[in-house]
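J.: After the sequence you'll find the predicted model.
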Amino acid sequence: MFFGGHPFGGGMPGGMPGGSGRAPSSDVDTTKLYETLGVDKNADKKEIRKAYMKLSRTHHPDKGGDAHKFKEISAAYEILSDEEKRAQYDKYGLDGVSGDDVGATGGEDLFSMFFGGGGRSRRSAGPRKGPSVNHPMKVSLEDLYNGKTVKLAVNRKIIQGTPVECTKCKGQGAIMEIRQMGPGMITQMQRTCDQCGGQGQQCTFKSERKVLEVHVEKGMREGDKITFSGMSDEVPKMEPGDINFIIQEKEHELFKRKGADLLAVKTVSLNQALCGFTWKVKHLDGRTLVIKSRPGEVIKPEMNTKEALPFVKVVPDEGMPSKGNPFVRGNMYVMFRVEFPNDNELPKEVVAELRKLLPEPDVPENYNPDEVEEVHLSPADLRSFGKGGASHSSNEAHDEDEEGGGQQVQCQQS
């Protein structure tokens, strides 16, 4: 359950970071990725990114570079630019990150990618990693703006005692079955051992409860992951998997978010659009912003573009903080909707004053009322455009009659 936050239903598999208990091997290679990017092991994020950008421009396949070399560079950057993955690599080498989907290559291909298939195989690289568990975490836009730490209690299963080999499958995790399909015909099928669940070992488990601190970083976005390594249930012959909390952004009553930018919609009257407005806004960090139009500034119904785009203004640097660099923020966009007077006619004295004050008044047309036909406008819906005139079915019947498709009447002469 959460303490000071929204609870997740039911118990969850889990564990504490670094709970795998695996000691790094003395012959682990922890320099290959740094050599691939040509940086020192003490290089910071900025140096690593700079090296990656330089190498990727040179070796990109679209620019004549080697595709395999480009994959190596990309995979090395993906691991070293992530603090958690980099720490795992510095401690365990490629063993520590082989369970992650690095560069969309799959963990088993990392050794062959960097060592040409001649390095250690996946089997000799150490125990496999168990499956990760993903849980959605709904977070308000205010918490994504300011950051927040939430305490969460999880339950995980840990192995009690020493696992023993499964007697039914003899440690293989699967058993072979022979079935007779017909006279003189048999088939051999392999299925998962139902006694050990495919693990090859049998053991007893006990439940362990841990209280975790889930830190929501400033500027996080929808779909971002907060990962706790090695915190899933313990599994025989495997390292515990991870628990990932996936950010789900709650809908906000005022702001819409895209990237690091915010968008708010403001409805103004025709008077405010022409004469100015003042709008008090409570920002996501609790500050009160007063947004004012400048003297003489006109808010229009649409932008002066070929496309009919809404009229938009921007407040610079009042958007969301950037993840990893919260001092750099996006912008706050304000989209305007101009509300014109309702369908009731304006008083004649008001119309007369407006005609004097507003620019470009109507110039009366010269015509003889007896020679022209005066018409007036009625409310309409553009969705009805093209549906005027007689009904479609009547038109079809009329067309059939003209084409001789209707009933033929013959006269018999005696």
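T.: That came in fine, so what should we check first?
J.: Next, count neighbours for Glu349.
T.: 8 (other C-beta atoms under 10 Å). Every residue, glycine included, has its C-beta placed from N, CA and C.
J.: Ala273 now?
T.: When neighbours are counted by other C-beta under 10 Å, Ala273 comes out with 21.
J.: Where do the domain boundaries of the protein fall?
T.: Listed by automatic domain parsing, the domain ranges of the chain are 23-126, 133-249, 252-372.
J.: Mind listing the strands the lengthiest strand in the chain pairs with, and their directions?
T.: Of all the elements of type strand in the chain, the one with the most residues (DSSP state E) is strand 148-165. Applying DSSP bridges, strand 148-165 is found paired with strand 2-3 (antiparallel), strand 201-216 (antiparallel).
J.: okay, those strands in JSON lines with mean neighbour count next?
T.: Listed next are those as JSON lines, based on neighbours: other C-beta atoms under 10 Å:
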{"stretch": "strand 2-3", "mean neighbour count": "12"}
{"stretch": "strand 201-216", "mean neighbour count": "14"}
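J.: By mean pLDDT, show me the worst of the ones you listed.
T.: Mean pLDDT values for these show the minimum at strand 2-3, a mean of 38.
J.: Tell me the first helix or strand C-terminal of that one.
T.: helix 32-37 (DSSP states H and E).
J.: and that next one, which residues are buried?
T.: When neighbours are counted by 16 or more other C-beta atoms under 10 Å, the buried residues of helix 32-37 are found to be 32-34, 36-37.
J.: do stretch 223-239 as well
T.: Under the neighbour-count rule (16+ other C-beta under 10 Å), stretch 223-239 has 224, 226-236, 238-239 buried.
J.: will you turn those residues into TSV that also has secondary structure and pLDDT?
T.: Below are these laid out as TSV (DSSP: H, G, I helix; E, B strand; the rest coil; pLDDT from 0 to 100):
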residue	secondary structure	pLDDT
Asp224	coil	94
Ile226	strand	93
Thr227	strand	92
Phe228	strand	92
Ser229	coil	89
Gly230	coil	88
Met231	coil	88
Ser232	coil	87
Asp233	coil	86
Glu234	coil	84
Val235	strand	81
Pro236	coil	80
Met238	strand	80
Glu239	strand	85
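J.: What are the contacting residues of the host helix or strand of Lys280?
T.: Per DSSP H and E, Lys280 falls inside strand 278-282. With contact meaning C-beta atoms under 8 Å, 6 or more residues apart in numbering, strand 278-282 is reached by 254, 264, 266, 288-293.
J.: For Asp381, find the nearest of the domains of the chain.
T.: Shortest distance between Asp381 and the domains of the chain, using C-beta to C-beta, is found for domain 252-372: 14.3 Å.
J.: so how far is that closest one from its chain's centroid?
T.: In terms of C-alpha atoms, centre = their mean, to the nearest Å, the centre of domain 252-372 is found 30 Å from the chain centre.
J.: Rounded mean pLDDT for it, please.
T.: If you average the pLDDT values across domain 252-372, you get 89.
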